[in-house]
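Asker: sharing a sequence plus its predicted fold:
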Amino acid sequence: MAQSRRVEKVAALIRKEMSHLLLNGLRDHRIQSTMITITDVEVSGDLQHCKIFVSIFGNTDQRNAVFSELEASQVFLKGELGRRLQMRRAPEVVFKLDRGMEKGTSVLDLLGQLEDERKAKNTDLSEKQV
């Protein structure tokens, strides 16, 4: 049980430090000008591998450009994490694009369309009864 608590603490620290690095550590204007949200951090039990799930706001071209830039800076970010967390071995960092926000928005749009259709159907029924 202590092992999983340690993994959770390391994941929280990685999330915090990676947020600081994305805000201030990288000098790429594409990363600085885009809203990037770290949605989740998964760390392996041996603390050697780390998956960072990010959500990137923008159109598809912007999202792809920023994500490729994040992947290109993985080595730099791993080194910075190692220095900031003062771990013996910094975990290998892998970025994963989290599309949960997009899916949530599309589901809300579909629910809105269904609501509009239901209202239109109810007004058609009430007009026929009159």
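Answerer: Sure thing, it's come through. Numbering: from 1, shown residues only.
Asker: quick check: domain ranges of the protein?
Answerer: Domains of the chain are assigned by automatic domain parsing as 2-98, 100-130.
Asker: adding mean neighbour count and mean pLDDT, write these out as TSV.
Answerer: All C-beta spots, glycine's among them, are computed from the backbone N, C-alpha and C. Below are the domains of the chain laid out as TSV (neighbours: other C-beta atoms under 10 Å; pLDDT from 0 to 100):
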stretch	mean neighbour count	mean pLDDT
domain 2-98	15	87
domain 100-130	10	77
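Asker: so what's Q48 up against?
Answerer: 89, 91-92 (C-beta atoms under 8 Å, 6 or more residues apart in numbering).
Asker: same list, those, but as JSON lines with secondary structure and distance to L23 please.
Answerer: Putting these into JSON lines (DSSP: H, G, I helix; E, B strand; the rest coil; distance: C-beta to C-beta, whole Å) gives the following:
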{"residue": "R89", "secondary structure": "coil", "distance to L23": "25"}
{"residue": "P91", "secondary structure": "coil", "distance to L23": "20"}
{"residue": "E92", "secondary structure": "strand", "distance to L23": "22"}
